[in-house]
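[1] Have a look at this prediction, sequence included:
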Amino acid sequence: MMTGTSLDGLDASLVELRGRGLTIAARLVAEASRRFPPSLAADLRSAAAGEPRPAAWFASLARRFGELHADVAEALAKRAGPIDLVVAHGQTVAHAPPDSWQLLNPFPIAARLGTAVAWDLRQADLSAGGEGAPITPLSDWILFRDRSRQPATRIILNLGGFANATLLPAAGTLDAVRGFDCCACNQLLDALARRRLRRPFDRDGRTASRGRVEVRTLEVLRRRLAAQGRRAAGGGRSLGHRDSPESWLGVLDPLRPADALATAVEAVADAIASAITRGAGRSSRPASILVAGGGARHRGLVAAIARHAGCPVLTLDRLGIPGEAREAVAMAVLGAVALDGVDLTLPQVTRRRGGRMAGGILPAAIGVSGIAPHAPARPLAHSSSR
């Protein structure tokens with residue numbers, strides 16, 4: 001179960017997993033998405049913006065958010081019978097390593113489903129000196145690596161609130177995998193849609209498609225986005241709410257709404273392509289970019305990335321996982337391999353120094369006195385099928 005920095009809703013995937021550790025194989029059984037109720041979305045946005053609130057307000061928000069997860073998980077569980085494990089990422093409301101907060105009260109999920117819950121997957125990496133992000137490169141390697149030995153790199157590109165990329169060298173081992181944040185993506189485009197269109201986002205990029213790029217404003221945005229990418233690459237730093245581009249929107253105010261959106265899309269696409277080219281290096285030619293996340297539905301953005309990157313940009317659906325489900329499926333894979341003793345994060349990606357990289361695991365049995373001090377009823381870490 002996964003929510004992103006776009007703060008639009010919760011994605012959940014029901015996944016059958018077979019095998020152990022790095023040899024695990026995943027099959028997507030079903031998926032579901034739930035838009036946030038307006039009051040919950042507003043409160044999550046307030047928390048992410050750092051607005052001061054009483055402690056009781058945060059406690060209530062975390063519980064309500066957990067109950068939403070429990071509702072969605074329970075509905076999916078009815079399609080498959082007993083669930084062995086729920087992995088819930090939580091909502092990132094602060095990310096400034098070594099501090100990061102994936103807000104979620106996981107107890108409503110465990111209580112409702114009576115099963116183990118893994119959550120707060122980033123903290124162990126942060127405690128070992130890492131950035132805690134990107135967190136999906138290990139699952140990308142397990143799910144999407146090219147085993148054909150073609151001499152090119154496959155790139156998995158997530159177009160979320162911030163764009164991030166996983167580079168999977170052909171037939172490469174796990175230590176050859178690279179991952180990095182690129183720049184703001186939907187954080188900029190959605191904030192602009194809210195400001196100029198009074199809508200949460202520009203559906204499929206329709207308004208942007210009617211606009212014209214204003215060159216001088218494009219250069220301003222391009223420089224700012226490129227600086228974000230260089231900070232992320234040069235310092236091994238992950239991007240988060242401290243990098244929010246909303247303060248930049250004023251430079252677009254003189255433009256018509258369609259022109260403002262078209263200009264922002266062009267700047268984001270150029271910055272993403274530049275980050276990918278820089279990350280891949282001259283010796284690793286990308287064969288294709290496979291996009292996932294909410295921005296994958298923005299036709300103009302996808303086309304502009306392909307134009308700037310000079311290689312095909314395809315949807316992740318071609319590899320059997322819908323782009324909208326990619327991060328939720330990744331959570332399932334990461335939770336399962338953690339139970340098998342595999343570190344969740346890659347040191348060359350997050351810059352961590354060591355340590356055990358599992359997330360928090362709640363046992364299945366919960367009584368009136370709290371969590372029972374024993375392992376889940378089903379021996380997940382030793383089973384060959386989940």
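    Great, that's in hand.
[2] And the residue nearest to residue 118 when sequence neighbours are not counted, what's its pLDDT?
    Leaving aside its sequence neighbours, residue 118 sits nearest to residue 335 (Cβ to Cβ, 6 or more residues apart in numbering; 4.1 Å). Just so you know, the C-beta spots here come from the backbone N, C-alpha and C atoms, and that holds for glycine as well. Looking at residue 335, its pLDDT reads 91.
[3] In contact with residue 335, which residues?
    85, 87, 118, 121, 359 (Cβ atoms under 8 Å, 6 or more residues apart in numbering).
[4] next one: residue 274
    If you count contacts by Cβ under 8 Å, 6+ apart, then residue 274 has 226, 229, 308 around it.
[5] quick revisit: can you say which helix or strand has the residue nearest to residue 118 in it?
    helix 326-339 (DSSP states H and E).
[6] Please spell out which residues along that helix are buried.
    In terms of neighbour count (16 or more other Cβ atoms under 10 Å), helix 326-339 has its buried residues at 326-339.
[7] likewise stretch 159-179?
    Those buried within stretch 159-179 under the rule 16+ other Cβ under 10 Å are 159-170, 172, 176-179.
[8] how about the strands in this structure?
    9-18, 25-35, 85-88, 91-96, 99-103, 116-119, 153-159, 162-169, 178-184, 286-292, 313-315, 360-362, 366-367, 370-371 (DSSP state E).
[9] which stretches of the protein form helices?
    38-48, 55-77, 107-113, 123-127, 137-144, 186-196, 206-209, 215-234, 257-280, 299-309, 326-339, 347-350 (DSSP state H).
[10] tilt between the second one and strand 9-18?
    Which is helix 55-77. Inter-element angle recorded for helix 55-77 and strand 9-18: 50 degrees (by axes from the mean of the first three to the mean of the last three Cα atoms, to 10 degrees).
[11] what does the first one give?
    Inter-element angle recorded for helix 38-48 and strand 9-18: 90 degrees (by the same axes, to 10 degrees).
[12] Buried residues of helix 38-48, list them for me.
    Neighbour-count burial for helix 38-48 [16+ other Cβ under 10 Å]: 40, 43-44, 47-48.
[13] Tell me the one of those nearest residue 33?
    If you rank the buried residues of helix 38-48 by distance to residue 33 using Cβ to Cβ, residue 40 comes first, at 14.6 Å.
[14] My guess is the closest one contacts residue 65. True?
    Yes - between residue 40 and residue 65 a contact is recorded at 6.9 Å, counting by Cβ atoms under 8 Å.
[15] Touching both of these two, which residues are there?
    By Cβ under 8 Å, 6+ apart, no residue touches both residue 40 and residue 65.
[16] Give me the phi and psi for residue 129.
    phi 90, psi 10 (degrees, to the nearest 10).
[17] show me the contacts for the nearest residue to it once chain neighbours are set aside.
    Spatially, and ignoring its direct neighbours in sequence, residue 129 is nearest to residue 353 (4.5 Å; Cβ to Cβ, 6+ apart). Residue 353 is in contact with 128-130, 347, counting by Cβ under 8 Å, 6+ apart.
[18] out of these, who's nearest residue 142?
    Among those, and counting by Cβ to Cβ, the member closest to residue 142 is residue 347, at 17.0 Å.
[19] Please name the residues that touch that closest one.
    130, 353-354.
[20] tell me which residues form a beta bridge with the residue lying closest to residue 328 once chain neighbours are set aside?
    Spatial nearest neighbour of residue 328, excluding adjacent residues (Cβ to Cβ, 6+ apart): residue 13 at 3.9 Å. Beta-bridge partners for residue 13, by DSSP bridges, are residue 31.
[21] By neighbour count, which of the contacts of residue 353 wins?
    The most neighbours of any of these, using other Cβ atoms under 10 Å, belong to residue 130, which has 26 neighbours.
[22] Now for the nearest residue to that one once chain neighbours are set aside: which residues touch it?
    Sequence neighbours aside, residue 352 is the residue nearest to residue 130 in space, at 3.0 Å (criterion: Cβ to Cβ, 6+ apart). By Cβ under 8 Å, 6+ apart, the contact list for residue 352 reads 125, 128-131, 345.
[23] Which one of those is nearest to residue 23?
    Nearest member of the contacts of residue 352 to residue 23, counting by Cβ to Cβ, is residue 345, at 18.9 Å.
[24] what about the closest one, distance to residue 175?
    13 Å (Cβ to Cβ, to the nearest Å).
[25] what's the answer for residue 350, then?
    Counting by Cβ to Cβ - residue 350 and residue 175 are separated by 14 Å.
[26] can you check residue 61 too?
    Counting by Cβ to Cβ, the gap from residue 61 to residue 175 is 40 Å.
[27] Kindly report the same for residue 272.
    Taking Cβ to Cβ, one finds residue 272 at 25 Å from residue 175.
[28] try residue 55
    43 Å.
[29] Ok, residue 247 next?
    For residue 247 relative to residue 175 (Cβ to Cβ), the value is 39 Å.
[30] which of the contacts of residue 352 sit farthest apart?
    Maximum pairwise distance among the contacts of residue 352 (Cβ to Cβ): 11.3 Å, between 129 and 345.
[31] Next, count neighbours for residue 297.
    Residue 297: 17 neighbours (other Cβ under 10 Å).
[32] From residue 265, how far out is it?
    When residue 297 is compared with residue 265 (using Cβ to Cβ), they lie 13 Å apart.
[33] list residues touching both of those two?
    In contact with both residue 297 and residue 265: residue 205, using Cβ under 8 Å, 6+ apart.
[34] what does the domain assignment say about this structure?
    Under the assignment automatic domain parsing, the domains of the chain span 9-132+326-382, 137-324.
[35] And the shortest one, how far out from the chain middle?
    Once both centres are worked out by Cα atoms, centre = their mean, to the nearest Å, domain 9-132+326-382 turns out to sit 13 Å from its chain's centre.
[36] What of the last one?
    Once both centres are worked out by Cα atoms, centre = their mean, domain 137-324 turns out to sit 13 Å from its chain's centre.
[37] pLDDT score for the closest residue to residue 225 other than its chain neighbours?
    The spatial neighbour of residue 225 that comes closest, neighbours along the chain excluded (Cβ to Cβ, 6+ apart), is residue 271 at 3.6 Å. The per-residue pLDDT reported for residue 271 equals 94.
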